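Chemist: compute the structure for the input listed below.
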Amino acid sequence: MRFLSLYKRYEKELLLFLVVIVWALCYFSINNFSEGRETHILALGFEKNIPFIPAFIVFYVLAYIVVIIPYFIIRDKKDYRKAVLAYLFVIFFSSIIYLIYPVKTIRPDIEGNGFFLSIVALVYSVAKPYNLFPSLHVSLSTLSALVSFKYNKRIGYVLFVLLFFISISTLFVKQHYFIDIIAALALGFFSYYLFFVRKIV
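Modeler: Here you go, the predicted structure:
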């Protein structure tokens, strides 16, 4: 009984923690597993002309904040559970694709010093260059923007703007391909449609 009462009191926090843990476990376990496997390169012709711009790492990292915004604006616990299920759907669906179809990005060599370069180097060191198609940065940010817009349109508009910059940041810091972004946008919209439009649960 005490456990149930504590769960009810901290349900939102525990569910947020669940999403973060599942995201981390799935991402890093598959990321490490993909080392040495046969991988695919999904770069389109024009992508070779996309410059490496370290400053865009700010938007790339900002995605981690964007993703948790619904925690702060959804008051109804039933709706919040629905958002959690939508997030988990995106994570598990993406993880299956990562296992079946591993994609690798070609990262530039980090040369020189600087604040932004240091952050890029840290990001590169934390995770290997796999788990790309679709981009979880973009799909989860898309879902966050859509869900937030449903409950607070002003915040939603801000997140859609940030979503744009997060999406292009994945290209400028050489973490994803263009096709990763398109697939991620589609997945984010599809998850929102399933859980908030069709209301499958």
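Chemist: ok, and the closest non-adjacent residue to the residue nearest the centre of the chain?
Modeler: In the chain, the centroid-proximal residue (C-alpha atoms, centre = their mean) is residue 137; its distance is 2.5 Å. Of all residues not flanking residue 137 in the chain, residue 63 sits nearest, at 4.5 Å (C-beta to C-beta, 6 or more residues apart in numbering). Just so you know, the C-beta spots here come from the backbone N, C-alpha and C atoms, and that holds for glycine as well.
Chemist: pLDDT of the helix or strand harbouring that neighbour, averaged?
Modeler: For residue 63, the host element (DSSP states H and E) is helix 57-66. The average of the pLDDT scores along helix 57-66 is 98.
Chemist: past that helix, which element shows up next along the chain?
Modeler: helix 69-73.
Chemist: for the next helix or strand after that following helix, packing partners?
Modeler: Remark: after helix 69-73, the chain's next helix or strand is helix 77-100, criterion DSSP H and E. Under the contact criterion of 3 or more C-beta pairs under 8 Å, 6 or more residues apart in numbering; DSSP states H and E, helix 77-100 touches helix 11-33, helix 69-73, helix 136-151, helix 178-192.
Chemist: quick one: mean pLDDT for helix 77-100?
Modeler: So the average pLDDT for helix 77-100 ends up being 97.
Chemist: likewise stretch 143-160?
Modeler: 98.
Chemist: and the contacts of that stretch?
Modeler: 66-70, 73-75, 79, 83, 86-87, 90, 141, 162-163, 188-189, 191-192, 196 (C-beta atoms under 8 Å, 6 or more residues apart in numbering).
Chemist: recalculate using a threshold of 6 Å.
Modeler: Here stretch 143-160 makes contact (C-beta atoms under 6 Å, 6 or more residues apart in numbering) with 66, 67, 69, 70, 73, 74, 83, 86, 163, 188, 191, 192.
Chemist: that stretch spans what distance, first to last residue?
Modeler: Taking C-alpha to C-alpha, to the nearest Å, stretch 143-160 runs 10 Å from one end to the other.
Chemist: any buried residues in it, and which?
Modeler: Within stretch 143-160, the residues scored as buried using 16 or more other C-beta atoms under 10 Å are 143-152, 155-156, 158-159.
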